[in-house]
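Chemist: sequence-free structure coming up:
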């Protein structure tokens, strides 16, 4: 029988502390003590099912090694005795051959195996016995642990971007597992965006729980961040709309001011024109008094001054109007706080 296949097939049936599993299949037929066949007997119109007795065997090993006892038990109950690679090596040979104990009396299969447990501590000798339907496997504790290793592939979360972040994520999982477990039989690798974990089932369960909880926390944090950003965006839109409304109102006021001041500028410009012509006519008339000429000259100067004043005001309003138009355009593309700080 292929030892590797046996180890994989029965790895899940480990017996910590040397507590052995009963043979769950139907007991094999013993030539000396045949199995009792259940029958139904009518007694006062009631049927009673008779149970088959568990097979036993009488042993007479006054002093025997573990190897000899296991061989006798396997032959007696029709089991195949299998030694793993480590069990066939030097590590367990002293335990198998040098330590002697008795096996005398009538025993069931489980009682016989318990007799070995009574004399030898599997933790001390670093061995493990695994019972399957028709096999007794003796292996080292290390082999048992390796047999428990299972490989699973976990996708990295969407928020873990880039190979370096994936490596950091995997290292975080490893660090958290190390707090609780000895990771001697555990490997955690990152490959093409996935985390590959080879480990016993208990470590897989803990790794899955850690990743689920971490991902839930990160997801909740991301949702809160998005909610804050949406709230901030909403607030910015409100402030931006308010700013746009203020700009529009100010531009309308400027347009009205420009129209009024342009009309006043044109009026004083016309007055200055006529004042200039009247002053020229009076200067050409010798009969005009000096006082009249001075009065006309003052009127001309006043109209020219007012014309220049309103012209300057119109120009300033037009520049302000152009500036507000730029602010209005920029408010469509730039952050509101930047716009307010300009």
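Modeler: Sure, I can see it. Keep in mind the model is a prediction, meaning the values are calculated, not measured.

Chemist: give me the neighbour count for residue 117.
Modeler: Around residue 117 there are 15 other residues, counting by other C-beta atoms under 10 Å. For the C-beta atoms, the positions are set from N, CA and C on the backbone; glycine is no exception.

Chemist: now the helices for the chain?
Modeler: For the chain, helices defined by DSSP state H occupy the ranges 3-10, 66-76, 85-88, 93-97, 109-119, 122-125, 141-148, 162-178, 201-284, 290-330, 336-341.

Chemist: weakest of these by average pLDDT?
Modeler: Note on the helices of the chain: helix 3-10 shows the lowest mean pLDDT, a mean of 33.

Chemist: not counting sequence-adjacent ones, nearest residue to the most centrally placed residue in the chain?
Modeler: The C-alpha lying nearest the average C-alpha coordinate of the chain belongs to residue 215 (C-alpha atoms, centre = their mean; 3.2 Å). Leaving aside its sequence neighbours, residue 215 sits nearest to residue 157 (C-beta to C-beta, 6 or more residues apart in numbering; 5.1 Å).

Chemist: which one of the helices of the chain lies nearest to residue 188?
Modeler: Residue 188 sits nearest to helix 162-178 of all the helices of the chain, at 5.0 Å, using C-beta to C-beta.

Chemist: and for the nearest residue in space to residue 169 that is not next to it in sequence, the neighbour number?
Modeler: Nearest residue to residue 169 in three dimensions, chain neighbours excluded: residue 160, at 4.9 Å (C-beta to C-beta, 6+ apart). Residues near residue 160, counting by other C-beta under 10 Å, number 20.

Chemist: same thing with the one 10 residues further on?
Modeler: Using other C-beta under 10 Å, residue 170 has 20 neighbouring residues.

Chemist: residue 131 versus that one, what's the distance?
Modeler: Applying C-beta to C-beta, to the nearest Å, the value for residue 170 to residue 131 is 38 Å.

Chemist: what's the burial count for residue 190?
Modeler: 19.

Chemist: got the domain ranges for this protein?
Modeler: 3-146, 148-220, 241-341 (automatic domain parsing).

Chemist: how distant is the last one from the center of its chain?
Modeler: Yep, that's domain 241-341 we're talking about. Mean-position distance between domain 241-341 and its chain equals 67 Å (C-alpha atoms, centre = their mean, to the nearest Å).

Chemist: burial of residue 112, as a residue count?
Modeler: Residues lying near residue 112 (other C-beta under 10 Å) number 23.

Chemist: please apply the same query to residue 283.
Modeler: Residue 283 has 12 nearby residues by other C-beta under 10 Å.

Chemist: sorry, back to before: what's the burial count for the residue nearest to residue 215?
Modeler: So residue 157, with other C-beta under 10 Å, has 16 neighbours.

Chemist: enumerate every residue touching it.
Modeler: 169, 215, 218 (C-beta atoms under 8 Å, 6 or more residues apart in numbering).

Chemist: got phi/psi on it?
Modeler: Main-chain torsions, residue 157, degrees, to the nearest 10: phi -60, psi 160.

Chemist: got a pLDDT number for it?
Modeler: Looking at residue 157, its pLDDT stands at 86.

Chemist: distance check, it against residue 187.
Modeler: Using C-beta to C-beta, residue 157 is found at 21 Å from residue 187.

Chemist: ok, residue 139 next?
Modeler: Distance check for residue 139 against residue 187: by C-beta to C-beta, it reads 21 Å.

Chemist: the two - which one has more neighbours?
Modeler: Taking neighbours as other C-beta under 10 Å, residue 139 and residue 187 compare with residue 139 leading, 27 against 12.
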